[in-house]
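In: what's the 3D shape of this:
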Amino acid sequence: MARLLRPLFRGTTYTRLLHLWLPMFVASVWMFIDPSRPWVPALVAVPVGLVPAVRTGEGVQAQWLLTPGRTRPGFSLAPSATWRDRWRTVVWLATRLVLGLGTALACVWLPVLAVETVRTALGHRSGLPLLRDAAPHAAYALLAPLPLIVLYGAVVGLGTLATAAAHRLLGPSAAERLAALEERTERLLERTRIARELHDSLGHALTVAVVQAGAARAAGDPDFTDRALEAIEETGRTALEDLERVLGVLREADRPASSRPTLADADRLLESARASGATIDAEVTGAVQTVPGPVSREGYRILQESLTNVLRHAEAAPTRVRVGVTGGLLVLEVRNALTGAVPDTGGGNGLRGIRERAALLGGRASTGPDGGDWRVRAELPLG
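Out: You can find the predicted model right below:
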């Protein structure tokens, strides 16, 4: 019983009732002008619905009155962009008029019927056609609540029906849904890219700092400790710059990506890894400086993550770095001798990030053991 009466205490029930009553105000004005043609308001709905801006107005009304308080009401708030949207708006206006008429009749005549039923029970003759031939009798008092119950069901039911029709006729078009999906995808990709940037830059810096600090403590050499602290300072400063770039993306959505490091900064990356104790043999071939910006930036991050893994897992194992441009591809390969158990080739965030970066550019990357070495190889198309 409580569930059946719950709509009585919801504000949505009454805002929907107001939404259905609004077109009746317009129709009632016409009834004063020419009551012999009550169908004219419905006919006027056709040219009105074809106006693109009307769809926006109807969407706003539906959002505020049919689904108040919902953060995602599901109605289009943009003007009609296609003829299909315009005709959907016309159908909605006609549907709203019909449902509004039903609501108006229910709200006027059902309370009157309840009152006349009570009057008949009290011994008065009713002028309503339904009760005109009824003899006054006290038993009619038992029927008095029935019209009010029907009124309650009509108000709640017509409001629910209007909401369902609005979702169907005023909902986003296929183009709007596609645009919303693309926008959501872009946001997810941006969040993923920012997460990668933070993982790669800060992870590399922290790895270098940990390795340097551990080596300085074990060495017991003041000169080595000074060099280690200098390397930690330089790496920390670079990490702060990278962090500022990433935070800049969050603060300024239109900030150019060119502010991020590219392969032109690879020497600084290699020197940082050498200062942390890694023995690195690096070779760069081809016109790396002509590599397009997006490819060069992603190549830098792949190289950075590869060197971070070397410092984490291979300690001071000799490492070979090869960067070259050949056959329309940027090829990066990092090899280091395996110093222990073979890592999980599925990898964590770092190895997965390398493969994802390559895939987003239409390239490919492989990570895993190869002839006694651990190899990271990425091929990124320049086109």
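
In: Please count neighbours and contacts with C-alpha atoms only from this point.
Out: Noted.

In: Now stretch 372-383: average pLDDT?
Out: When pLDDT is averaged over stretch 372-383, the result is 88.

In: Could you list the buried residues of that stretch?
Out: 373, 374, 375, 376, 377, 378, 379, 380, 381, 382 (16 or more other C-alpha atoms under 10 Å).

In: Residue 74: neighbouring residues, count only.
Out: If you count neighbours by other C-alpha atoms under 10 Å, residue 74 ends up with 17.

In: in which helix or strand would I find residue 159?
Out: For residue 159, the element it lies in under DSSP states H and E is helix 145-169.

In: That helix packs against which elements?
Out: If you count contacts as 3 or more C-alpha pairs under 8 Å, 6 or more residues apart in numbering; DSSP states H and E, helix 145-169 packs onto helix 11-33, helix 83-121.

In: of all those helices, which lies closest to residue 237?
Out: In terms of C-alpha to C-alpha, the element of the helices and strands packed on helix 145-169 nearest to residue 237 is helix 83-121, at 55.5 Å.

In: what angle do the closest one and helix 11-33 make?
Out: Helix 83-121 and helix 11-33 are oriented at 90 degrees to each other (axes from the mean of the first three to the mean of the last three C-alpha atoms, to 10 degrees).

In: what about the stretch 101-250 of the chain, any weak spots by pLDDT?
Out: 178-183, 185-190, 193, 197, 200-201, 204, 244-250 (pLDDT under 70).

In: Next: the stretch 251-383 of the chain.
Out: Checking the stretch 251-383 of the chain against pLDDT under 70 turns up 251-259, 314-316, 339-349.

In: Three-state assignment for residue 375, please.
Out: Using DSSP: H, G, I helix; E, B strand; the rest coil, the structure places residue 375 in strand.

In: In the beta-sheet assignment, what are the partners of it?
Out: residue 335, residue 368 (DSSP bridges).

In: State the distance from it to residue 208.
Out: 20 Å (C-alpha to C-alpha, to the nearest Å).

In: Over to residue 226?
Out: 15 Å.

In: For the helix or strand hosting residue 242, buried residues please.
Out: Taking DSSP H and E as the criterion, residue 242 maps to helix 222-251. For helix 222-251, the neighbour count (16+ other C-alpha under 10 Å) marks 225, 228-229, 231-232, 234-236, 238-239, 242-243, 245-246, 249 as buried.

In: ok, of those, which one's closest to residue 163?
Out: residue 249 (40.3 Å).

In: From what I see, residue 289 and residue 264 are in contact.
Out: Yes. Using C-alpha atoms under 8 Å as the test, residue 289 is close enough to residue 264 to be in contact (6.8 Å).

In: need the contact list for residue 231.
Out: 209, 212, 272, 275, 276 (C-alpha atoms under 8 Å, 6 or more residues apart in numbering).

In: try it again with 10 Å
Out: Applying C-alpha atoms under 10 Å, 6 or more residues apart in numbering to residue 231 gives the contacts 208, 209, 212, 213, 225, 237, 271, 272, 273, 274, 275, 276.

In: Check those residues and tell me the two furthest apart.
Out: It's 225 and 237 that sit farthest apart of the contacts of residue 231, by C-alpha to C-alpha, at 18.1 Å.

In: re the thing from before, quick check: neighbours shared by residue 289 and residue 264?
Out: residue 296.

In: Please identify the buried residues of the helix or strand harbouring residue 294?
Out: Using DSSP H and E, residue 294 maps to helix 293-313. Residues 293, 295-311 are the ones in helix 293-313 that count as buried (16+ other C-alpha under 10 Å).

In: And stretch 355-363, by the same measure?
Out: 355, 356, 357, 358, 361, 363.

In: Surely the last one and residue 332 touch.
Out: No. Proximity of residue 363 to residue 332 does not meet the contact threshold set by C-alpha atoms under 10 Å, at 11.6 Å.

In: Now the common contact residues for the two.
Out: Common neighbours of residue 363 and residue 332 (C-alpha under 10 Å, 6+ apart) are 378, 379, 380.

In: quick one: which of these is nearest to residue 120?
Out: Residue 120 lies nearest to residue 380 out of these, by C-alpha to C-alpha, at 88.8 Å.

In: Run a quick neighbour tally on residue 70.
Out: A count of nearby residues for residue 70, using other C-alpha under 10 Å, gives 10.

In: can I assume it is in contact with residue 62?
Out: No. Residue 70 is beyond contact range of residue 62, at 11.3 Å (criterion: C-alpha under 10 Å).

In: Just say helix, strand or coil for the closest residue to residue 232 other than its chain neighbours.
Out: Leaving out its chain neighbours, the residue that sits closest to residue 232 by C-alpha to C-alpha, 6 or more residues apart in numbering is residue 209, at 5.1 Å. Assigned by three-state DSSP, the conformation of residue 209 is helix.

In: Spit out the contact partners of residue 209.
Out: Counted by C-alpha under 10 Å, 6+ apart, residue 209 has contacts 203, 215, 228, 229, 231, 232, 233, 234, 235, 236, 276.

In: Would you convert those residues into TSV that also reports distance to residue 124?
Out: Formatted as TSV, these follow (distance: C-alpha to C-alpha, whole Å):
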residue	distance to residue 124
203	89
215	105
228	105
229	103
231	102
232	99
233	99
234	99
235	97
236	94
276	103
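
In: quick revisit: what are the buried residues along the helix holding residue 159?
Out: Neighbour-count burial for helix 145-169 flags 145, 147-148, 151-152, 154-156, 158-160, 162-163, 165-167, 169 (criterion: 16+ other C-alpha under 10 Å).

In: What is the distance between that helix and the centre of its chain?
Out: 33 Å (C-alpha atoms, centre = their mean, to the nearest Å).

In: the inter-axis angle of it versus helix 83-121?
Out: Going by the same axes, to 10 degrees, helix 145-169 makes 180 degrees with helix 83-121.
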